[in-house]
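Undergrad: Could you work out the structure for the sequence below:
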Amino acid sequence: MKKPSTKPKQVILACFDSLHAAWVRKLVRQGYLPTFRYLMDHGFVSDVIPTVPAQTASGWVSVATGATPSTHGITGFSVRLRKDPLYMRRDGFDSRYCRAETLWEVAEKAGKKVILLKYPGSWPPKIKEGIQVDGQAGYAGRVCQFAIAPPHCFSTENFKKHLEAPGDAKNLTVVKLEEASGWRSLPTCSKKPLETVLSIRNLKGEKVKDYYLLVYGDDRYDTVAVCKERTFSSRLTELKVGEWSDWMIDEFSAEGKSVEGATKFKLLHLSPDAVELRLYMHQIHRTDGFTVPERMARELLENVGPYFEYTGPRELWYGWFDLETQLEIYQQHTEWILRAIEYLSAKYPWDVFVFQWHPIDYMLHIVWSSIDESHPLHNPKKKERSWRLFVETFRLADRILSRVLELMGKDTLLVVIGDHGHVQYHSRFLIGNLLLREGLLAVKRNEKTGKLEIDWSKSKAVPVESNYIYINLKDREPTGIVDPSEYEALRNRIIDLLYSIRDPRTGEHPVLFAVKREDASALGLYGDYVGDVVYCLRMGYETMVTPILEEGETGSEHMQLFRYVEPFREHTSEHSGYALNEDINTLLILYGPGIRQGYYRKVPVRLIDIAPTVAYLLDLPFPKQCEGSVIFDSLEE
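TA: You can find the predicted model right below:
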């Protein structure tokens with residue numbers, strides 16, 4: 001086939017995590033997404049089949065390489081190398097474990113200029129001459145290595161309630177307000193100022209900074225000040241309820257050194273008598289170290305502002321703040337991403353510009369049970385608010401695309417792509433408990449920690465990630481106890497077991513299919529890097545976060561196998577363990593020179609088809625391990 005007569009000279013890959021194809025179509029029909037509508041009316045559109053597992057790490061690496069998970073090596077959120085013991089897992093977002101060439105490596109070899117902005121799984125950087133910003137973390141609960149401290153929430157003892165679900169919030173830093181004393185200066189006010197210390201710690205529990213909080217007002221307490229020292233003149237910000245601070249750039253202790261970082265505060269709640277207080281502090285992120293070239297971090301700080309990296313839902317599930325604050329976090333992150341796109345694209349020449357934006361994924365996880373009336377845990381009282389914030393999150397993505405269109409030249413190809421969709425999720429399938437009940441998995445209590453852990457000397461099979469069961473095989477695993485002569489019979493037993501399980505509450509079989517490793521190659525899964533048994537689940541069930549067993553049930557013949565999730569405390573939609581479901585599909589839009597206009601493909605393409613299609617249009621070689629195909633019907637005749 002001849003190449004299109006009009007070809008792009010540069011490309012923008014606009015990557016949106018969990019760009020749910022069905023939801024985008026619905027919101028476009030309802031008029032919420034005008035930019036998406038324009039692109040779909042004037043470009044090529046297709047649903048996209050995600051990888052198995054349908055996860056951020058696996059999916060985005062497949063987009064970048066055109067290779068399936070077992071070929072590029074990122075077979076889940078965590079990966080296992082051939083000689084690793086079964087209890088060892090490596091970070092699936094670490095680019096050093098990717099065994100396939102990326103589109104941007106190909107582009108650089110061809111003399112093209114590349115800019116990467118927060119693309120998952122791209123750190124440490126593999127580009128040699130281009131510009132890269134982050135790509136290390138911020139996904140799937142991963143802790144960013146450039147974070148000095150995680151978010152904190154300071155609360156008084158009598159305001160510990162969860163702000164979106166019944167019961168108390170978790171992991172609050174409880175503070176006590178007392179009359180301010182020993183301060184060199186205080187605000188002029190009628191009420192006696194109150195004080196407390198805000199002790200900020202890293203994930204190891206080590207102190208990185210103490211700030212001093214003043215609470216004050218005239219006829220009532222209505223204002224707080226965060227101060228560097230016990231003097232009002234050292235205040236970094238003053239806040240009333242509902243207000244965010246400006247960025248606070250300061251020096252913090254990190255690994256025995258003084259490191260510059262930036263954070264923001266929001267005053268969530270303050271009662272007039274100051275008996276109830278809740279103050280949120282966002283992640284403290286370094287102002288350097290997260291870019292290539294290294295000087296780019298300082299340049300972005302001065303021209304774009306401190307990096308607003310973290311957008312995860314963990315703190316909402318803890319109950320620290322409400323949905324509106326979660327949306328405000330997305331909005332601030334989006335503003336930074338937009339400013340960075342505008343600054344970098346205007347100042348530096350580029351041929352390939354790639355960015356990734358994650359909030360749709362998080363919002364779907366949070367509100368699905370509230371907006372989906374068919375969800376068994378649907379709460380009608382939550383629907384209106386949840387729907388509004390759900391729509392506003394998609395509208396942020398639409399806003400990004402609107403600005404990108406303004407930046408595009410006539411020779412620019414725009415690729416809008418997601419990594420997976422989402423599926424309704426209401427129950428944990430406790431597959432570890434199943435194997436324990438059947439005598440295939442054994443546990444013991446750690447004498448030091450008191451926690452249950454796997455007893456490898458007695459375990460024949462262990463579940464890993466959302467799709468795999470590994471056999472603890474002799475001569476292959478360092479902990480192996482299963483004789484090779486038992487291997488096939490044991491795999492057959494496990495597969496039969498998985499198919500036999502039925503949820504007594506619903507009558508449904510949670511397992512959609514289960515196959516031997518060698519029969520999973522059509523899914524892009526093969527070799528020593530995936531489980532001996534590969535399975536996928538039906539809508540509604542997930543095993544990704546399954547504990548080994550529920551405490552107190554050791555040895556029970558009636559061990560719990562299913563548990564409903566708790567809305568606004570954990571996911572109510574998922575994507576990891578699913579296949580063959582329309583809701584798990586994501587979306588592709590191609591727009592620009594050489595692309596058919598107003599065409600919606602009937603049969604979905606694959607994530608692995610993106611890289612070869614872009615390479616073909618830019619006259620680049622395919623990445624070396626590419627297994628995808630050019631989407632020829634996307635091209636003008």
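Undergrad: same for the longest helix anywhere in the chain, what does it pack against?
TA: In terms of residue count, the longest helix belonging to the chain (DSSP state H) is helix 380-407. With contacts taken as 3 or more Cβ pairs under 8 Å, 6 or more residues apart in numbering; DSSP states H and E, helix 380-407 sits against strand 10-16, helix 21-29, helix 34-41, helix 323-347, helix 359-371, strand 412-417. C-beta coordinates here come from the backbone N, C-alpha and C atoms, glycine included.
Undergrad: Tell me which residues of it come out buried.
TA: 382-383, 385-386, 389-402, 404-405 (16 or more other Cβ atoms under 10 Å).
Undergrad: Got the domain ranges for this structure?
TA: Residue ranges for the domains of the chain, per automatic domain parsing: 10-51+101-146+296-422+581-603, 147-285, 426-574.
Undergrad: can you put the ones you listed in JSON lines and add distance to residue 81?
TA: Formatted as JSON lines, the domains of the chain follow (distance: least, Cβ to Cβ, whole Å):
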{"stretch": "domain 10-51+101-146+296-422+581-603", "distance to residue 81": "16"}
{"stretch": "domain 147-285", "distance to residue 81": "25"}
{"stretch": "domain 426-574", "distance to residue 81": "8"}
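Undergrad: next one: the longest helix of the chain to chain centre, how far?
TA: 18 Å (Cα atoms, centre = their mean, to the nearest Å).
Undergrad: And the average pLDDT for it is what?
TA: Across helix 380-407, pLDDT averages out at 98.
Undergrad: Using CSV, list the CA coordinates for the strand of greatest length in the chain.
TA: Scanning the chain for the longest strand, with DSSP state E as the assignment, gives strand 207-217. The C-alpha trace of strand 207-217 is given here as CSV (Å, rounded to 0.1, in the frame of the first residue of the first chain):
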residue,chain,number,x,y,z
LYS,A,207,11.3,13.6,60.4
VAL,A,208,11.9,15.9,57.4
LYS,A,209,10.5,19.1,58.9
ASP,A,210,8.5,20.7,61.7
TYR,A,211,6.2,23.6,60.9
TYR,A,212,4.2,25.5,63.5
LEU,A,213,0.5,26.1,63.2
LEU,A,214,-1.4,29.1,64.6
VAL,A,215,-5.2,29.1,64.9
TYR,A,216,-6.8,32.5,65.5
GLY,A,217,-9.7,34.8,64.8
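Undergrad: highest average neighbour count across the domains of the chain?
TA: Among those, the stretch with the highest mean neighbour count (mean count of other Cβ atoms under 10 Å) is domain 10-51+101-146+296-422+581-603, at a mean of 20.
Undergrad: ok so, going back, elements contacting the longest strand of the chain?
TA: strand 147-149, strand 194-201, strand 221-227, strand 248-254.
Undergrad: Generate TSV for these, with distance to residue 333 and mean pLDDT as supplementary columns.
TA: Shown next, in TSV, are the helices and strands packed on strand 207-217 (distance: least, Cβ to Cβ, whole Å; pLDDT from 0 to 100):
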stretch	distance to residue 333	mean pLDDT
strand 147-149	14	96
strand 194-201	21	98
strand 221-227	22	98
strand 248-254	17	96
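Undergrad: With respect to residue 570, which of those lies nearest?
TA: Closest to residue 570 of those is strand 147-149 (Cβ to Cβ; 22.6 Å).
Undergrad: name the element residue 298 belongs to?
TA: helix 295-303 (DSSP states H and E).
Undergrad: which residues sit against that helix?
TA: With contacts defined as Cβ atoms under 8 Å, 6 or more residues apart in numbering, helix 295-303 is touched by 131, 133, 287-291, 307, 340, 343.
Undergrad: Looking at those residues, which two lie furthest apart in space?
TA: 289 and 343 (19.1 Å).
Undergrad: thinking again about what came up before, make a markdown table out of the helices and strands packed on helix 380-407 and add mean pLDDT and distance to residue 150.
TA: Below are the helices and strands packed on helix 380-407 laid out as a markdown table (pLDDT from 0 to 100; distance: least, Cβ to Cβ, whole Å):
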| stretch | mean pLDDT | distance to residue 150 |
| --- | --- | --- |
| strand 10-16 | 98 | 25 |
| helix 21-29 | 98 | 30 |
| helix 34-41 | 98 | 34 |
| helix 323-347 | 99 | 14 |
| helix 359-371 | 98 | 16 |
| strand 412-417 | 99 | 30 |
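Undergrad: Quick one, which of these gets closest to residue 222.
TA: Closest approach to residue 222 among the helices and strands packed on helix 380-407 (Cβ to Cβ): helix 323-347, 18.9 Å.
Undergrad: Now do the closest one against helix 359-371: the angle between them, please.
TA: Relative orientation of helix 323-347 versus helix 359-371 (axes from the mean of the first three to the mean of the last three Cα atoms, to 10 degrees): 160 degrees.
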